[in-house]
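K.L.:
Any chance you can model this:
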Amino acid sequence: MRTVRFHEHGGPEVLRVDELPAPEPAEGEVLIDVDAVGVTLPVVRLTRGRPGVPLPHIPGGEIVGRVTRIGRGVTDRQVGERVAGLAFSGAYAETVAVPAPMMTTVPDDVDDLAALALTRAGQVALGALRAGGFGKGDSVLVTAAAGGVGHLAVQLAVALGAERVTAAVGDAAKAGFAREQGAHHVVTYDQDDWGEPVDIVLDGVGGQIQDAGLRSLAPLGRLVTFNATGGTIDTNELRMRGLSVIGFAMAHLAARRYTTYERHQQELWQLYRDGRLRPAVHEAMPLDRAADAHRLIEARANRGRIVLLPR
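P.N.:
Got it, this is the predicted structure:
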């Protein structure tokens, strides 16, 4: 099978196409013929180095495909079943073995690219909102609002009854896209005034943008950080204003709160069916263009998801 691996840490240039034998499903796993793979910022960062990652390494990510073989002990999956879910490694490949609990059945009325987006990016967006204690009538600010997670977070906040949704983006070119997602107010990072204080900030950037997000919170507000790096928190400021800062990583939800993860997935499918959630795909490209996909993500040039098509 064809796969993309990195044999050393570095930028997109370290990714290369390799031919490898197809994996065997271990106990509790299913073998998936992969039709689409999502490219995510955490995986892009992984190629630049993380302790404990063995080399060579096949990046992970969300996948959509069909079950071709079933490992011992798996009773809730069938050969030929169309599924979507998470592969923590091995996703950039034509075939991958995945723990069966990480897979969910894709409804017939959801296409591959929508299923891919809703399996991870939708889960992160919804999970981050819920981690922040979102309730109908809250006001929400989303940074990285033109990205794969951010644009869905904007749509979800609107769909679930936010009073006001502000989208923060890197430049004016992305502002129109953010408005198309339903944002009531759009700002660019270089603006001094981001508008009225909000109840919840979902931050996918970190650093100075995280600081600006904290300044945008009303008293008792909550900042949820996802896909963000850098920045420092003044705990005295949190105390004086009654603020909360929450870290959200969907992998922990999937691995440790699977009932919640599956409930969120069913909710996402229904919102898609109702036409209230419409994932945007910036580009779908063949597997051998994985390096190009990583460059787009690193440059934060995408508007919506970046997808690889192994087949």
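K.L.:
CA only for contacts and neighbour counts going forward, please
P.N.:
Noted.
K.L.:
Tell me the residue in this structure that is farthest from the middle.
P.N.:
Met240 (32.5 Å; C-alpha atoms, centre = their mean).
K.L.:
host element of that one?
P.N.:
In this structure, Met240 sits in helix 235-241 according to DSSP states H and E.
K.L.:
buried set for the very next helix or strand once past that helix?
P.N.:
Toward the C-terminus, helix 235-241 is succeeded by strand 244-247 as the next helix or strand (DSSP H and E). Buried residues in strand 244-247, defined by neighbour count with 16 or more other C-alpha atoms under 10 Å: 244-245.
K.L.:
Just give me how far strand 244-247 sits from the chain centre.
P.N.:
18 Å (C-alpha atoms, centre = their mean, to the nearest Å).
K.L.:
helices or strands next to that strand in the packing?
P.N.:
strand 217-225 (3 or more C-alpha pairs under 8 Å, 6 or more residues apart in numbering; DSSP states H and E).
K.L.:
So what are the sheet partners of the strand it packs on and their directions?
P.N.:
strand 198-203 (parallel), strand 244-247 (parallel) (DSSP bridges).
K.L.:
average pLDDT across whichever strand or helix holds Gln270?
P.N.:
Following DSSP H and E, one finds Gln270 within helix 258-273. For helix 258-273, the mean pLDDT works out to 93.
K.L.:
ok, now stretch 109-117?
P.N.:
93.
K.L.:
could you list every residue that touches the residue most central in space within the chain?
P.N.:
Nearest to the mean C-alpha position of the chain, by C-alpha atoms, centre = their mean, lies Ala121 at 3.0 Å. Residues near Ala121 by C-alpha atoms under 8 Å, 6 or more residues apart in numbering: 148-149, 152.
K.L.:
Please apply the same query to Thr229.
P.N.:
Going by C-alpha under 8 Å, 6+ apart, Thr229 touches 205-207.
K.L.:
pretty sure Ala26 is touching Arg69, no?
P.N.:
No. The pair Ala26 / Arg69 is not scored as a contact, 10.4 Å apart, by C-alpha atoms under 8 Å.
K.L.:
Could you point out which of the strands paired with strand 217-225 sits nearest Val74?
P.N.:
strand 244-247 (32.7 Å; C-alpha to C-alpha).
K.L.:
residue contacts, Pro25?
P.N.:
So Pro25 contacts 31, 69-71, 97-98 (C-alpha under 8 Å, 6+ apart).
K.L.:
element containing Ile233?
P.N.:
Ile233 belongs to no helix or strand, assigned by DSSP H and E.
K.L.:
Thanks a lot, catch you later.
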